[in-house]
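**Q** This is the structure alone, sequence omitted:
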């Protein structure tokens, strides 16, 4: 297997109700990524795109072919991946395999979503299609309900009073809003206090409005290349050093393991093993905080904190810049936004910039970051872990 | 790159209005494929699935994770591919790369669609989402219209009077219905005469009802394995000897090349080059006859007949069993049916059986077939060509 490098990237501002189509958003970030990679559209040998609701929400399926044509990538293989909120990460992992194997030298990876026009209530029902539609959805088991259940299980398992857990959860959201203020691509630029979180309306006990990420439109892209090609194009190569993907079925079939997600732990294990690293080696992390409790569960499943302790770590500032392990310096899904097909590619874009030291001016650069971990969760249970390493 | 073998397969009966969900259909054919490969579910290292409308038509996205869990493939990467009608072929091609590269030894590939419950009129509009939704669809450019346009362009380019072309097109449909009678999985078991085709109602000039494939539900699966693994499991290996994929954008941007599809010709070129074969080496072919004119255009684009002559070839019986190049011995999309996400996997299933000589009893076995070509078209322009070769 060859080493694979992330070259340039492109990232739209995440927003509510984008006036641009998915094809347009994707075209813009892809051209940015190609330019930043010192390449031309004709150099791209294959295109992978994460997109979940193109047909459902916008009436445009197969966005990958149309945008490829529009930017001048003619007659290359263009492939769409759908694994709910992990779609972009799956597209990225697949591109990694294609380049690592020597099948292609240069692959463009994009992610895009434009799903907010339907409004929040309908979007919650729409997203529930990526849980189990036969047995879970008919019982009202949408994603806020699923993470509400996980919060209850978490409080029970680790003997944390629910009111204490809610304070810990609030700490996650407060921090995410703070760092999003420093990220020009973030959807939400608004300071948030612990009190505001705890006073926000109850979605489903104990999940309150500010425990949840927003619905978002947006796009991101990165270019992957073989080490040999990359060396001619950049003197700041960022490598994909470890990668793992696993899928599990409906959450309700995993009741013996919850609130831990076994698929995440296995995906992370694959990535750590491939990279020859342990959680202690990770300098910065972007993880899947679709709800604040999801961030707590993720940080533990990735091995960054002991089980039952991540909420306190957030409260103590261990996840902040300068803390033990800075998490979601982008603002995370909570405040950067969560255009579901784009999220994984956005995480890769962010971490590449962290490893290149390009976020100093924005005031959210982790000093001397060498290894970065990304974690994306899709639907009831697709997990992707990717580790990026500076040269 | 390692050689890749197709092991066992599974195939549902294609039908209208399946009482089974996509997850159920996929589970059944996958178990058949695993059993026929002399494997167990736990041997499967990764799963690729072609599916187009799971969320839109059935309210179940990410079918790959749920069915994987249901059949006991726990925590493997399960990935969904969407490239309209070529989704299954793209899933297959990706699995080929994964096995050829040495990343995995055994990958299950499935395809499934359950999209007929919405009825024919709505389905036509739904499928149009896989053409260009911004400029083409608003002008009424659904797929029947697109292929009607191609038929007019074809008649004009090759100076064939439209009434003559309609007779040639009818010959394609008549042959497909004849062979489908011999295929127990086919959706339509009904003899069709040339007169019936020409008297059927006009959908969009010159496309009549019997020039078009039906809407279908169904599923198919195959297992791919490395040659080393396969040798322990079968003494009838069928190899994937050549493979190609290309994507183009909206049909209306390709007007200078139409009625030929450049993406198909490039994809086929890739597959022939990899296999070290020419069209003359192909013994049997399954190609994308979503409309009868599509079959004629495909056969020429694949190099099986001179441009402008394929319709006559069908009329002369050159595409029949014993003819120059038997095409769509399965009944094709026209009569076997076209559950869009499953179609490519179904083609692979069929050709594997042809190369193993397993269709003698069904009366549609091509004698001593050594090399088989499959061709799948997705939406406005994803093309996949795959060549299978007997040991």
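**A** Noted; the coordinates are in hand. Remember, it's a predicted structure, so these values are computed and weren't measured experimentally. Numbers count the residues shown, from 1 in each chain, chains lettered A, B, ... in the order given.
**Q** So which bits of the least confident helix or strand in chain A by mean pLDDT are buried?
**A** Ranked by mean pLDDT, DSSP states H and E, the weakest helix or strand in chain A is helix A:120-127, scoring a mean of 88. Buried positions in helix A:120-127, judged by neighbour count with 16 or more other C-beta atoms under 10 Å in any protein chain shown: A:123-124, A:126-127. All C-beta atoms are positioned from the backbone trio N, CA, C, and that covers glycine.
**Q** Going by residue numbers, what spans are strands in the stretch 251-391 of chain A?
**A** In the stretch 251-391 of chain A, the segments counted as strands under DSSP state E, counting those that start in this stretch are A:284-286, A:371-378, A:382-390.
**Q** how about the second one, does it reach chain B?
**A** Yes: in this structure, strand A:371-378 sits against chain B according to C-beta under 8 Å from any C-beta of the partner chain; the contacting residues are residue A:378.
**Q** Surely residue A:66 touches residue B:129?
**A** No: with contact defined as C-beta atoms under 8 Å, residue A:66 does not reach residue B:129; the gap is 11.2 Å.
**Q** which SS state does the residue of the stretch 1-150 of chain A found nearest chain B fall under?
**A** Per C-beta to the nearest C-beta, residue A:69 is where the stretch 1-150 of chain A lies closest to chain B, at 2.2 Å. The three-state label for residue A:69, taken from DSSP: H, G, I helix; E, B strand; the rest coil, comes out as helix.
**Q** Now do stretch A:352-364: everything it contacts.
**A** By C-beta atoms under 8 Å, 6 or more residues apart in numbering or on different chains, the list of residues contacting stretch A:352-364 from outside reads A:6, A:9, A:179, A:182-184, A:222, A:236, A:238, A:284, A:321, A:329-330, A:365-366, A:369-370, A:372, A:388-390.
**Q** Now the buried members of the residues you listed.
**A** For the contacts of stretch A:352-364, buried by 16+ other C-beta under 10 Å: A:6, A:9, A:179, A:182-183, A:222, A:238, A:284, A:321, A:329-330, A:365-366, A:369, A:372, A:388-390.
**Q** Filter those down to just the ones in helices.
**A** With DSSP state H as the criterion, helices contain residue A:179 from among the buried ones among the contacts of stretch A:352-364.
**Q** can I assume residue A:163 sits in a strand?
**A** No: looking at residue A:163 with three-state DSSP, it is helix, so not inside a strand.
**Q** What score does it have for pLDDT?
**A** Note for residue A:163: predicted pLDDT of 97.
**Q** quick one on the thing from earlier: which one's more surrounded, residue A:66 and residue B:129?
**A** Each of residue A:66 and residue B:129 has its neighbours counted (other C-beta atoms under 10 Å in any protein chain shown); residue A:66 has more, 31 against 22.
**Q** what's the helix or strand for the more buried one?
**A** Taking DSSP states H and E as the criterion, residue A:66 maps to helix A:63-70.
**Q** need the strands for the stretch 101-250 of chain A, in chain order.
**A** Ranges of strands in the stretch 101-250 of chain A, per DSSP E, counting those that start in this stretch, are A:106-114, A:202-204, A:207-208, A:217-226, A:238-247.
**Q** So which of the ones you listed is nearest residue B:271?
**A** Proximity to residue B:271 (C-beta to C-beta) singles out strand A:106-114 among the strands of the stretch 101-250 of chain A, at 19.9 Å.
**Q** So for that closest one, what gets flagged as buried?
**A** By 16+ other C-beta under 10 Å, the buried positions in strand A:106-114 come out as A:106-114.
**Q** try stretch A:219-237
**A** Buried residues in stretch A:219-237, counted by 16+ other C-beta under 10 Å: A:219-226, A:229-230, A:233-234, A:237.
**Q** Quickly check: that stretch near chain B or not.
**A** No: counting by C-beta under 8 Å from any C-beta, chain B is not contacted by stretch A:219-237; separation bottoms out at 13.0 Å.
**Q** next one: that stretch to chain centre, how far?
**A** Between the centre of stretch A:219-237 and the centre of its chain there are 20 Å (C-alpha atoms, centre = their mean, to the nearest Å).
**Q** Start and end of that stretch, how far apart?
**A** Distance between the boundary residues of stretch A:219-237 (C-alpha to C-alpha, to the nearest Å) amounts to 23 Å.
**Q** Just the helices from the stretch 1-150 of chain A, written as ranges.
**A** Per DSSP state H, counting those that start in this stretch, the stretch 1-150 of chain A carries helices over the ranges A:22-36, A:54-58, A:63-70, A:87-100, A:120-127, A:143-157.
**Q** Contact residues of the stretch 101-250 of chain A facing chain B?
**A** When proximity is defined as C-beta under 8 Å from any C-beta, the stretch 101-250 of chain A approaches chain B at A:101-103, A:129-130, A:132-134, A:137, A:245-250.
**Q** In contact with residue A:235, which residues?
**A** Residues in contact with residue A:235 (C-beta under 8 Å, 6+ apart): none are found.
**Q** per-residue pLDDT, it?
**A** Per-residue confidence (pLDDT) for residue A:235: 93.
**Q** Could you list the low-confidence segments of the stretch 151-300 of chain A?
**A** Nowhere does the stretch 151-300 of chain A drop to pLDDT under 70.
**Q** Can you name the residue of it nearest to chain B?
**A** Per C-beta to the nearest C-beta, residue A:249 is where the stretch 151-300 of chain A lies closest to chain B, at 2.2 Å.
**Q** you'd agree that residue is up against residue B:63?
**A** No: assessed by C-beta under 8 Å, residue A:249 is found out of contact with residue B:63, at 10.7 Å.
**Q** any shared contact partners between those two?
**A** By C-beta under 8 Å, 6+ apart, no residue touches both residue A:249 and residue B:63.
**Q** Looking at the two, which has the bigger crowd around it?
**A** Comparing residue A:249 with residue B:63 by other C-beta under 10 Å, the one with more neighbours is residue B:63, at 29 against 24.
**Q** does that one really touch residue B:52, like I thought?
**A** No: taking contacts as C-beta under 8 Å, residue B:63 lies outside contact range of residue B:52: 10.7 Å.
**Q** Need the pLDDT of residue A:1.
**A** 88.
**Q** what sits against residue A:272?
**A** Here residue A:272 is in contact with A:242, A:278-279, A:303, A:385, A:387 (criterion: C-beta under 8 Å, 6+ apart).
**Q** Pull out the buried residues from those residues.
**A** Neighbour-count burial (16+ other C-beta under 10 Å) applied to the contacts of residue A:272 gives A:242, A:303, A:385, A:387.
**Q** With respect to residue B:315, which of those is nearest?
**A** residue A:385 (57.6 Å).
**Q** In contact with residue A:305, which residues?
**A** So residue A:305 contacts A:299, A:313, A:318 (C-beta under 8 Å, 6+ apart).
**Q** could you check the distance from it over to residue A:287?
**A** Using C-beta to C-beta, to the nearest Å, residue A:305 is found at 11 Å from residue A:287.
**Q** Next, show the common contact partners of the two.
**A** Common neighbours of residue A:305 and residue A:287 (C-beta under 8 Å, 6+ apart) are residue A:299.
**Q** What distance do you get for the spatially closest residue to residue A:281 that is not a sequence neighbour to chain B?
**A** In space, and not counting its chain neighbours, residue A:281 is closest to residue A:371: 5.2 Å by C-beta to C-beta, 6 or more residues apart in numbering or on different chains. Per C-beta to the nearest C-beta, to the nearest Å, residue A:371 is found 23 Å from chain B.
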